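**Student:** Could you work out the structure for the sequence below:
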Amino acid sequence: ACIDAGVPLMVHENFRWQSPIQAVRAVLDSGEIGTPFFGRISFRSAYDVFSGQPYLATGKRFIIEDLGIHILDIARFLLGDVSTITTRTARINSEIAGEDVATMLMDHKSGATSVVDCSYATKLATEPFPQTLVEIDGSDGTIRLAQDYQLTITGRNGTVVSDVSPPLLPWASRPWHNIQESVVAIQKHWVDCLAKGTDPATSGADNLRTLALVEAAYAGAASREPVQLDALLR
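**Tutor:** Numbers count the residues shown, from 1 in each chain. Take a look at the predicted model:
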């Protein structure tokens, strides 16, 4: 409808605009680790998201729909579109209605394989919320985005460790500053695209593929079978 009307459409899918995630993408684009063949994008936490958003405890769909959609989009952003997804879910917290753990194995059209794992039932020595952790293996090296925004790159030029912490904007607060900064980044991108008349990175057409991953994940969790993405997008 927007295409027919000549109206630009952008989906506010801001997780990929977090500066640590952008830093990972920049390394991939540089060719430092060669061709990526494996990735893991992980968001595991025991943070009480229900105290501030109690409605999350009542829906039959929870972690894939609320959080996983963002992590799946990061996987697409870093490794390209997906051909097949296999999903397993679990409900660890008996006081909620939906799944609070999800593990998704994906075949990417690029030839890479990735695992996206999300959990709100994982107690760790250091609570990482709301950080997304990334591991990517390439033909010439590896990328590791670890807790506290420590980025380790092992590639053609040796190993480099750097701190890619997002800036703490004047109005922002920790630990939310990575999310808050990404909102500014995606809005700037949107304004730039409007000014130039170009399609945004998270256009409606692009984000439809992320939404399809969510639906495919739930379908696969129910059937316990792999789901082909192209069949959903026809």
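**Student:** When you work out contacts or count neighbours from here on, use the C-alpha atoms and nothing else.
**Tutor:** Noted.
**Student:** what residue ranges in the chain are flagged as low confidence?
**Tutor:** Counting by pLDDT under 70, the chain contains no low-confidence residues.
**Student:** 80 - rerun?
**Tutor:** Residues of the chain meeting the criterion pLDDT under 80: 1.
**Student:** contacting residues around the spatially most central residue of it?
**Tutor:** The structure's the chain has its C-alpha centroid closest to residue 71; by C-alpha atoms, centre = their mean the separation is 2.2 Å. Remark: with contacts taken as C-alpha atoms under 8 Å, 6 or more residues apart in numbering, residue 71 is in contact with 15, 41, 42, 43, 116, 132.
**Student:** Work out for me the element it sits within.
**Tutor:** Secondary structure from DSSP states H and E places residue 71 in helix 69-79.
**Student:** picking that back up, what distance do you get for the residue nearest to the centre of the chain to residue 191?
**Tutor:** Distance check for residue 71 against residue 191: by C-alpha to C-alpha, to the nearest Å, it reads 24 Å.
**Student:** do residue 212 as well
**Tutor:** 26 Å.
**Student:** list the buried ones in stretch 215-225?
**Tutor:** 215, 216, 217, 218, 219, 220, 221 (16 or more other C-alpha atoms under 10 Å).
**Student:** Same check on stretch 13-23?
**Tutor:** 13, 14, 15, 16, 17, 18, 19, 20, 21, 22.
**Student:** Kindly state the beta-bridge partners for the residue lying closest to residue 163 once chain neighbours are set aside.
**Tutor:** Excluding its sequence neighbours, the residue lying closest to residue 163 (C-alpha to C-alpha, 6 or more residues apart in numbering) is residue 150, at 4.9 Å. Beta bridges link residue 150 to residue 146, residue 163, judged by DSSP bridges.
**Student:** got a list of what residue 150 touches?
**Tutor:** 144, 161, 162, 163, 164, 165.
**Student:** Quick check: the two most widely separated of the contacts of residue 71?
**Tutor:** 15 and 116 (14.2 Å; C-alpha to C-alpha).
**Student:** With adjacent residues omitted, what lies nearest to residue 32?
**Tutor:** residue 155 is the one closest to residue 32 (C-alpha to C-alpha, 6+ apart), at 5.4 Å.
**Student:** quick one: the strands in this protein?
**Tutor:** Taking DSSP state E to define them, one finds strands in the chain at 36-44, 82-90, 101-108, 113-119, 133-138, 141-146, 150-155, 158-163, 227-228.
**Student:** any idea how far residue 120 is from residue 96?
**Tutor:** 11 Å.
**Student:** When those two are compared, which one has more neighbours?
**Tutor:** Between residue 96 and residue 120, counting by other C-alpha atoms under 10 Å, residue 120 is the more crowded of the two (22 against 18).
**Student:** Is that one in contact with residue 42, as I believe?
**Tutor:** No - if you go by C-alpha atoms under 8 Å, residue 120 and residue 42 don't touch, sitting 11.4 Å apart.
**Student:** so who does residue 113 touch?
**Tutor:** 37, 38, 39, 105, 106, 107.
**Student:** And for the chain, the residue most distant from the center?
**Tutor:** Centroid-distance maximum for the chain: residue 5 at 30.4 Å, with C-alpha atoms, centre = their mean.
**Student:** and that one, how far is that from residue 71?
**Tutor:** Residue 5 is 31 Å from residue 71, by C-alpha to C-alpha.
**Student:** That concludes my questions; thank you for your assistance.
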